[in-house]
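Participant: Sequence and predicted model, in that order:
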Amino acid sequence: MAHAETTAPPDRKAYLVGGGIASLAAAAFLIRDGDMPGCDITVIEESGVLGGSLDGSGSPNDGYVLRGGRMLESKYLCTFDLFASIPTLNGTQTVTQETFAWNETMKTSSKARLVSDGQRLTAPQFGLDEGHILTIERLALLPESMLGKTTIADQFDPSFFETNFWFMWCTTFAFQPWHGAVEFKRYLVRFAHMVSGFNRLHGIMRTVYNQYDSMVLPLRKWLDERGVVFTFDTRVTDLSLWREEDRRTVSGIVYDRRGETGEIRVREGDLVLVTLGSMTEGSSLGGMDHAPVLKGKTDGGAWMLWERLAEDAPEFGRPAVFADHIDQSKWVSFTTTLHDPTFLRLVQDFTGNVPGEGGLVTFPRSNWLASIVIPFQPHFIGQPKDVGVFWGYGLAVDQPGNFVRKPMSACTGREIMTEILGHLRIEAEAAGILDKAICIPCMMPFITSQFLPREPGDRPQVIPRGTTNLGLMGQFCELPDDVVFTVEYSIRSAQAAVYGLLRLQREPPAVYQGKFDPRVLFKAYRALHDLQDA
């Protein structure tokens, strides 16, 4: 990135494989910072909808669906840099302005971060002993090379996994004990500035609506207005690579469109950007009276494309590290549509938080390690005033529930709601709530695959060594210092790929480094020792 762009063909094309937030961001950066006409950019998407993991769909009658919700925070510098250029749907301000203004109005301040035995815990103490704290401090200081492929469980004694700190940390970020210590370390360092308010979820930001409506739709509109081409129902199955000594150039994009195969010719000067892998590949929806099924990597194109690229090409990483351990990367989320206000009223009375204010509520004694979040209503554009929506998930999906003696992975929406009502000790009103609820569970086999233990080389570089016109984006490429499972990581990878391929004399904003701020470290130290101010 240190030298200027050489003269580019005036009709250069860019092909973006995948229609998630990384590709949408890359298209915007190509236009905004690379001066590329939108009509010369094509986004190729396997499904019929954009947004990838930032999805939001459904209706009041059939039930709304959110596979997940990513938290935001003020130090997501690439995300807010991008959306500072994107107007809201009504055009009155930018998405970044809207988000910051909204979070001044609706500040997250949980009064029930943990609910145990029907009792809420407001600002629960972390409960760490000196050994746990020393291990956290050691991990923050150790070079990643010294951690290797060790797991979180390799670093801590078993008592750590019974602390309130762990219950709050693992459910906020979706960590499991068998996930990689390197990723855990990155999170500790990346979010050091949030530790002091972690038991109240202070600093966590939300969009006005779900992230599809608040982020994807405005970005899609902006790209549409500039002529970006979107090709749907098209699965990219391979890239044709022309090899000359130690250089590789993409010369073609092989695809399958509704059973018809073809190839897009990539000319000299054209660019190809690929979203690598997918944490929501193979997602399966259930319903009130049927459970979702467990799928695998062959039920979509993302993992198969990565495997093909990586054959005999170590510079493209090792997809098997992430895709071949479904039992260690799966969990179930659920979205409940409520046609009666009783549930939201009872939860508000119990937690002390209005919808949108409290954030994640975790049940640490839940065999499923279940959590729910009640967003501000309406959560969807066009959602009727008499309809409510909330979301939840469980990390231990193969354990029998406390109230429904079945694994969460085998449960219907009705059974999942029954379990949640049990943890909230809602009994008298339970039948009426269930009668007017639509709970849609979603099994995601690869949702935390990016956290699995890895070593250098498992994740490829954004611009793989020796490639001339190919950039990689998303959760499975390597970005030093930043953390996966975030919108920020996808957008940062897109920005890095665009700037690198265009050889622009600029780089993405540096990752915020709170670890170098003595005030941040002092507050984190006090919090870890349960010395927070009341």
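Facilitator: Received the coordinates, thanks. Numbers count the residues shown, from 1 in each chain.
Participant: Show the contacting residues for Arg264.
Facilitator: No, residue 264 isn't Arg; it's Ile. Taking Cβ atoms under 8 Å, 6 or more residues apart in numbering, we find Ile264 in contact with 15, 252-253, 255. Backbone N, C-alpha and C define where each C-beta goes, glycine included.
Participant: make it 10 Å
Facilitator: Applying Cβ atoms under 10 Å, 6 or more residues apart in numbering to Ile264 gives the contacts 13, 15, 42, 44, 231, 234, 236, 240, 250, 252-255, 270, 272.
Participant: From those, which land in strands?
Facilitator: Under the assignment DSSP state E, the contacts of Ile264 contribute 15, 42, 44, 231, 234, 236, 240, 250, 252-255, 272 to strands.
Participant: If any of the contacts of Ile264 are buried, give me the ChimeraX selection for them.
Facilitator: Listed next is the ChimeraX selection for buried residues among the contacts of Ile264, using 16 or more other Cβ atoms under 10 Å:
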select :13,15,42,44,234,236,250,252,253,254,255,270,272
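Participant: What ranges does the stretch 151-300 of the chain have for its strands?
Facilitator: 229-231, 234-244, 247-257, 260-265, 271-275, 284-285 (DSSP state E, counting those that start in this stretch).
Participant: List just the nearest of the ones in strands among the contacts of Ile264 to Glu307.
Facilitator: Nearest to Glu307 among the ones in strands among the contacts of Ile264 is Val236, at 12.9 Å by Cβ to Cβ.
Participant: quick one, what contacts that closest one?
Facilitator: Val236 neighbours (Cβ under 10 Å, 6+ apart): 15, 17-18, 44-46, 253-256, 264, 272, 274, 301-302, 304-305, 308.
Participant: Now for His325: which residues touch it?
Facilitator: Neighbours of His325 in contact, by Cβ under 10 Å, 6+ apart: 178, 445-446, 449, 452-453.
Participant: of all the residues you listed, which two lie farthest apart?
Facilitator: Pro445 and Pro453 (17.7 Å).
Participant: Backbone dihedrals for Pro407, please?
Facilitator: Phi and psi for Pro407, reported as degrees, to the nearest 10, are phi -60, psi 140.
Participant: That one is in contact with Ala291, isn't it?
Facilitator: Yes - between Pro407 and Ala291 there is a contact under Cβ atoms under 10 Å: 9.4 Å.
Participant: returning to that earlier point: let me have the strands of the stretch 151-300 of the chain in CSV, extended by mean pLDDT.
Facilitator: Below are the strands of the stretch 151-300 of the chain laid out as CSV (pLDDT from 0 to 100):
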stretch, mean pLDDT
strand 229-231, 98
strand 234-244, 95
strand 247-257, 96
strand 260-265, 97
strand 271-275, 98
strand 284-285, 98
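Participant: what's the most buried one of these?
Facilitator: strand 271-275 (a mean of 27; mean count of other Cβ atoms under 10 Å).
Participant: tell me what that one is packed against?
Facilitator: Using 3 or more Cβ pairs under 10 Å, 6 or more residues apart in numbering; DSSP states H and E, the elements in contact with strand 271-275 are strand 14-17, helix 21-32, strand 41-44, strand 234-244, strand 247-257, helix 302-310, strand 470-473, helix 487-502.
Participant: who's in contact with the residue lying closest to Asp40 once chain neighbours are set aside?
Facilitator: Excluding the flanking residues, the one nearest Asp40 by Cβ to Cβ, 6 or more residues apart in numbering is Lys13, at 5.1 Å. Residues near Lys13 by Cβ under 10 Å, 6+ apart: 36, 39-42, 229, 264-267, 269-272.
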